[in-house]
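Got a sequence here, can you build the structure:
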Amino acid sequence: MIKFFRKIRQKMLTENKFSKYLLYAIGEIILVVIGILIALQINNNNNYNNERSLEQEYLLSLQAEFKNNLNIINNSIQENEQRIESLEYLLNLFDRNVLDTVSTQKISQKFAPIFGSSIGYIPATGVLEDIISSGKLNIILNKSLRQNLASFNSSLEYLNIQLNAMDFTEDKLRIIFYNKGSVRKLVMDIGFMDFDSASISEKIDNKRLFESAEFENYLLAYYLSAKATNGPNLFGRIKAEIETTIKEIEQELVK
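Residues are numbered from 1 along each chain as shown. Reported below is the predicted structural model:
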């Protein structure tokens, strides 16, 4: 095409037909510009298709990660429900009439969910953090989904601040139990382990913990904290955000 126009141009110049040559020159420039625009459009289309392909990869990875996190938060909520049930049971034992009807083995079983683990939630965030740190979150076209993904870490930070504030109460409970109770008797009662040797703590009755007003105060405070954790502002909030994010991801994947 260019060679064709070159021959016409040379002929026009030879015949001194400048006006006609100018028209052909303009036409040649227009063709070059059109060619450049077409090339740019093709390149843009290729970039767009590459980004959509990468978006699909991200969405699939995020879907797997957030489904895993949903399982984790459900387990955390269930575990905390067991903790709450045990705390409610133990709080009733400050009534001496109720305490006298309960065995030390039963008390130990109710202490196990409380001292066996702390209230917590540790999600997987590797995929999300990689996308955000690489600056490629904008590849995800859905604005609402982008905002939910961007704010998820902030929600986790808020949750951790609240959980860390509860550590003081939990630590105080442990200290009082260590001072006035018997860990040895607790682990033996729940069948966690046996001891061959005798101990000065084996004669301690953990029922005497329920004669301490200080222990009751911290046990009640811990109960209120555990109830609040499973509420709509903490674990409930995280679960709702995860479920919303999963739903939006699935909607994008079927488009």
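
Low-confidence regions, this structure specifically.
The model of the chain has pLDDT under 70 over residues 1-28, 31-33, 35, 39-40, 42-46, 48-49.

which residues in it form helices?
2-14, 18-91, 96-99, 104-115, 126-133, 143-180, 183-189, 213-229, 235-253 (DSSP state H).

Those helices: which one's closest to S199?
Of all the helices of the chain, helix 183-189 sits nearest to S199, with 5.5 Å by C-beta to C-beta. C-beta here means a position set from N, CA and C on the backbone, and glycine is covered the same way.

which parts of that closest one are buried?
Within helix 183-189, the residues that count as buried by 16 or more other C-beta atoms under 10 Å are 183, 185-189.

helices and strands around that helix, which ones?
helix 104-115 (3 or more C-beta pairs under 8 Å, 6 or more residues apart in numbering; DSSP states H and E).

starting at the chain centroid, how far to the helix it packs on?
Offset of helix 104-115 from its chain centre (C-alpha atoms, centre = their mean, to the nearest Å): 31 Å.

now the residue nearest the centre of the chain: how far from Q147?
For the chain, P123 is the residue whose C-alpha lies nearest the centre (C-alpha atoms, centre = their mean; 4.7 Å). For P123, the distance to Q147 equals 18 Å [C-beta to C-beta, to the nearest Å].

hang on, the earlier thing: spatially, what comes nearest to the residue nearest to the centre of the chain if we skip its sequence neighbours?
N69 (4.2 Å; C-beta to C-beta, 6 or more residues apart in numbering).

one step back: Throw the buried residues of helix 183-189 into CSV and include distance to E55, thanks.
Converted to CSV, the buried residues of helix 183-189 look like this (distance: C-beta to C-beta, whole Å):
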residue, distance to E55
V183, 53
K185, 58
L186, 53
V187, 52
M188, 57
D189, 55
